[in-house]
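1. Pasting the sequence and the predicted coordinates here, then a few questions.
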Amino acid sequence: MADGQPVTILCISSEFKGTDFLHSARQEGCRILLLTEEKHKDKPWPREAIDEIFLMPDLARYDDVTYAVSYLARSRVIDRIVALDDYDVRLAADLREHMRIPGLGSSTARYFRDKLSMRLKAQEAGLAVPEFVHVLNYDRLNGYMQQVPPPWVLKPRFEAGAVGIKKAHSADEVWHWVNELGDKQSFFLLERFVPGDVYHVDAIVSEKEIVFMQANKYGRPPLSVSHQGGVFISRKLPDEAAETKTLHALNRQFLTSTGIVRGITHTEYILGEDGRFYFLETAARVGGANLADMIFFASGVNLWTEWARLEAASARGEQYQLPPVRHDYAGILICLARQEWPDMSGYQDPEVVWRIDKAYHAGLVVASPDQARVEQLLQSYSERFAHDFLTVGPTKEAKRVA
């Protein structure tokens with residue numbers, strides 16, 4: 001960054017998201033370049049916070065994007081590159097490597113994007129991981145299925161959330177799916193299905209120091225919601241709970257092992273029937289399904305805003321400072337709705353602090369200093385959501401809710 005010049009951040013997003021980041025980065029005095037796909041050109045981007053918008057047909061065509069961004073860099077000094085969507089983490093990392101820009105590089109990005117790499121890293125760091133095998137060598141795959149009892153889940157290595165995951169109960173079923181994959185087989189892994197409650201820990205890392213963590217628990221596992229439908233629920237766990245302390249320790253152990261220098265992380269764990277927490281997956285991004293809103297109303301920390309402040313401080317050579325953290329409780333409910341714009345006027349408890357504004361979705365956040373009150377409202381509202389709004393459909397939004 002040249003002296004006296006504003007920090008220039010190239011934001012990449014193959015989905016419409018990250019508006020809070022864009023606003024916050026502008027408030028930090030940054031110059032904002034947005035690279036997105038042509039199909040999103042008419043979305044309500046906060047254009048007052050964006051200096052230039054660039055459109056491409058397909059951000060998955062990495063070579064084309066590399067040529068385009070390198071062309072832009074001929075006349076613009078780019079100080080930082082930020083991937084606003086999970087699908088763009090690898091692309092942003094490759095661009096940083098290519099242009100020698102500080103931030104998450106290609107090797108480290110694998111730990112946050114490649115489900116195989118992240119499992120190997122978690123295992124290496126000493127975390128419990130459900131038994132898994134790379135769908136690569138057939139002898140090893142057969143040996144795995146003989147040693148590890150079903151059910152198993154076949155997982156794509158580079159999809160987000162629960163997208164593309166298939167559950168199998170027999171070797172014949174696995175081989176059916178594997179044969180259908182053809183040349184794409186090596187982009188999958190097979191893992192033992194572990195039933196249990198699923199948790200997520202959301203964190204801020206600044207110069208390799210974890211400066212913020214919040215442990216949360218889903219209502220139903222995201223895989224169940226994405227495949228079977230239902231109301232998506234999450235809530236903050238009590239700070240003093242044994243589960244919270246265990247999850248914080250595991251998350252610190254894992255993140256430290258990855259070598260991540262700075263950024264926002266969203267990591268999921270499952271509590272198995274044997275009483276152990278197992279690593280499920282991680283991401284170098286703000287969690288989806290509006291989890292950032294829930295976290296904000298519990299803690300006062302807006303992950304999108306802090307991400308922007310973190311990047312700006314790093315580019316300026318300044319030390320990032322976390323804002324004061326509040327220790328309240330919050331929970332979120334979201335579901336696909338059969339109405340285009342659901343009437344949520346019947347949900348008027350004073351603890352309702354946020355409502356979703358999205359067609360064919362119902363959703364809200366409740367917050368209170370009293371954890372029991374949050375749990376009571378989540379239970380009551382989830383039953384009412386199921387009656388008032390809930391519909392089930394194999395939509396892209398349903399599959400990517402987490």
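-> Happy to help now that I have it.
2. what's the helix or strand for residue 331?
-> Using DSSP states H and E, residue 331 falls within strand 329-336.
3. Adjacent strands (with direction) for that strand?
-> Using DSSP bridges, the strands paired with strand 329-336 are strand 232-236 (antiparallel), strand 361-368 (antiparallel).
4. any chance of these in JSON lines, with mean pLDDT, distance to residue 324 and mean neighbour count too?
-> Placement of C-beta: from N, CA and C, glycine included. Converted to JSON lines, those look like this (pLDDT from 0 to 100; distance: least, Cβ to Cβ, whole Å; neighbours: other Cβ atoms under 10 Å):
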{"stretch": "strand 232-236", "mean pLDDT": "97", "distance to residue 324": "17", "mean neighbour count": "25"}
{"stretch": "strand 361-368", "mean pLDDT": "98", "distance to residue 324": "16", "mean neighbour count": "24"}
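5. and the strand holding residue 331, what's its mean pLDDT?
-> Taken as a whole, strand 329-336 has a mean pLDDT of 97.
6. tell me the pLDDT at residue 63?
-> At residue 63, the model reports a pLDDT of 96.
7. outside of stretch 235-254, which residues touch it?
-> Residues outside stretch 235-254 that contact it (Cβ atoms under 8 Å, 6 or more residues apart in numbering) are 121-122, 125-127, 199, 201, 203, 210, 213-217, 219, 267, 269, 271, 277, 279, 282, 294-295, 298-299, 327, 329-332, 371, 374-375, 378.
8. what comes up buried for that stretch?
-> Neighbour-count burial for stretch 235-254, counted by 16 or more other Cβ atoms under 10 Å, picks out 235, 236, 237, 243, 244, 246, 247, 248, 250, 251, 254.
9. what's the closest of these to residue 114?
-> Using Cβ to Cβ, residue 254 comes nearest to residue 114 of those, at 14.7 Å.
10. if I look at the closest one, how far off is residue 269?
-> 9 Å (Cβ to Cβ, to the nearest Å).
11. overlap in contacts of these two?
-> Common neighbours of residue 254 and residue 269 (Cβ under 8 Å, 6+ apart) are residue 279.
12. burial measure for residue 169, as a count.
-> Residues lying near residue 169 (other Cβ atoms under 10 Å) number 11.
13. again with the one 3 residues further on
-> Under the neighbour criterion other Cβ under 10 Å, residue 172 is assigned a count of 8.
14. right, and the strands paired with strand 329-336 - which one's nearest residue 67?
-> Evaluated over these, closeness to residue 67 peaks at strand 361-368, with 37.4 Å, by Cβ to Cβ.
15. In the stretch 301-402 of the chain, what residue spans correspond to helices?
-> For the stretch 301-402 of the chain, the helices defined by DSSP state H, counting those that start in this stretch cover 303-316, 371-388, 396-399.
16. Lowest mean pLDDT across those helices, which one is that?
-> Averaging pLDDT over each of those singles out helix 396-399 as the lowest, with a mean of 38.
17. Any regions of this protein where pLDDT drops low?
-> 1-3, 161, 224, 226-227, 393-402 (pLDDT under 70).
18. Mind doing that once more with 80?
-> 1-4, 160-163, 220-229, 393-402 (pLDDT under 80).
19. Give me the residue at the spatial middle of it.
-> By Cα atoms, centre = their mean, the chain has its centre lying nearest to residue 287, at 3.5 Å.
20. May I have the secondary structure class of that one?
-> Recorded secondary structure, residue 287: coil (DSSP: H, G, I helix; E, B strand; the rest coil).
21. Wait, it touches residue 199, no?
-> No - between residue 287 and residue 199 there is no contact under Cβ atoms under 8 Å: 11.9 Å.
22. Quick one, which of the helices of the stretch 301-402 of the chain gets closest to residue 136.
-> Residue 136 lies closest to helix 396-399 among the helices of the stretch 301-402 of the chain, at 25.5 Å (Cβ to Cβ).
23. where does the strand holding residue 331 sit relative to the chain's centre, distance-wise?
-> Offset of strand 329-336 from its chain centre (Cα atoms, centre = their mean, to the nearest Å): 16 Å.
24. Same question for that strand: list its buried residues.
-> Buried residues in strand 329-336, counting neighbours by 16+ other Cβ under 10 Å, are found at 329, 330, 331, 332, 333, 334, 335, 336.
25. which phi and psi does residue 13 have?
-> Dihedral angles of residue 13 (phi, psi; degrees, to the nearest 10) stand at phi -150, psi 120.
26. Who does it form a beta bridge with?
-> Beta-bridge pairing of residue 13 under DSSP bridges involves residue 36.
27. same thing with residue 213?
-> Counting by DSSP bridges, residue 213 is bridged to residue 203.
28. For it, give me its contacts.
-> By Cβ under 8 Å, 6+ apart, the contact list for residue 213 reads 201, 202, 203, 204, 248, 251, 252.
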